[in-house]
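Participant: need a structure here:
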Amino acid sequence: MISIIVPTYNEAEQVGQTISRIIAASGGHGLEILVVDGCSTDGTGAIAERFGATVIHSAQKGRAIQMNKGAAQAKGKILYFLHADSIPPQGFIDQILATYRQGAQSGCFRLAFDYPHWFLRANAWFTRFNCNSLRFGDQSLFVTKEVFEKSGGFREDLMVMEDQEIIHRLKKLGTFRVLPDVVVTSARKYVENGVFRMQGIFYLIWSLYYLGFSQRRLVALYKKLIREHKL
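Facilitator: Take a look at the predicted model:
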């Protein structure tokens with residue numbers, strides 16, 4: 001069984017659709033959908049339960065904390081981390097299982113956006129390459145529970161870049177594959193903040209992270225520059 005772990009915070013408008021589309025794309029496989037909610041105030045947890053997910057309430061907000069909490073309670077041999085505004089491709093479980101049987105212990109899909117802007121299409125095109133600097137949580141992540149536990153899980157001291165940081169450690173523990181199909185993610189941040197402005201902010205935070213800037217400074221910058229953020 002695969003356990004699908006979805007961290008949420010105030011996703012009432014999105015979470016029901018995401019769960020429905022996960023089930024529709026699962027190909028009839030047995031799966032466990034764990035929505036790990038970080039103190040939402042809009043009824044996200046109740047909606048997730050109504051659509052068939054098991055809801056885990058996290059006393060602390062933060063994707064790394066929430067995803068680790070979900071992984072600790074997951075029953076599946078393979079964990080699949082998915083953002084609440086990202087939709088996996090049709091037959092995604094078959095694709096993950098086939099890749100696992102070929103020897104991969106972790107991996108992700110390529111990325112596509114739900115907004116037809118040429119710049120976003122160009123950015124998404126590069127996600128086909130198995131390069132650490134191009135790996136972000138919007139692409140989703142599958143990993144065997146054994147390897148995830150060996151890696152120590154997500155670093156809970158990271159509020160940003162936690163998704164990219166873990167990839168370096170997972171690759172040291174086994175084969176990582178980029179699957180050819182795509183996860184379709186919401187472009188809402190780009191629409192709300194402007195496509196080029198939003199990408200510029202992401203590049204800035206990415207660069208400062210690798211230059212060694214503290215999480216405190218990165219989070220402050222993120223909150224200052226990005227409208228409608230959920231940190």
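Participant: Could you identify the longest helix within the chain?
Facilitator: Longest helix of the chain, by residue count under DSSP state H: helix 195-210.
Participant: Okay, and residue 49 sits in which element?
Facilitator: Element membership for residue 49, per DSSP states H and E: helix 44-50.
Participant: List the buried residues in that helix.
Facilitator: Going by neighbour count (16 or more other CB atoms under 10 Å), the buried part of helix 44-50 is 44-45, 47-48. (Each C-beta comes from the backbone N, C-alpha and C, glycine too.)
Participant: Can you add distance to residue 88 and pLDDT and give those residues back as TSV?
Facilitator: As requested, the buried residues of helix 44-50 are arranged in TSV below (distance: CB to CB, whole Å; pLDDT from 0 to 100):
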residue	distance to residue 88	pLDDT
44	19	97
45	21	96
47	19	98
48	16	98
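Participant: Report the two members of those residues separated by the largest distance.
Facilitator: By the measure CB to CB, 45 and 47 form the most distant pair in the buried residues of helix 44-50, at 7.3 Å.
Participant: Not counting its own residues, what contacts stretch 108-119?
Facilitator: For stretch 108-119, the external contacting residues (CB atoms under 8 Å, 6 or more residues apart in numbering) are 88-89, 92, 95, 120-121, 124, 127-128, 135-136, 138-142, 178-187, 190-191, 195-196, 199.
Participant: Please measure how far the first residue of it sits from its last one.
Facilitator: 22 Å (CA to CA, to the nearest Å).
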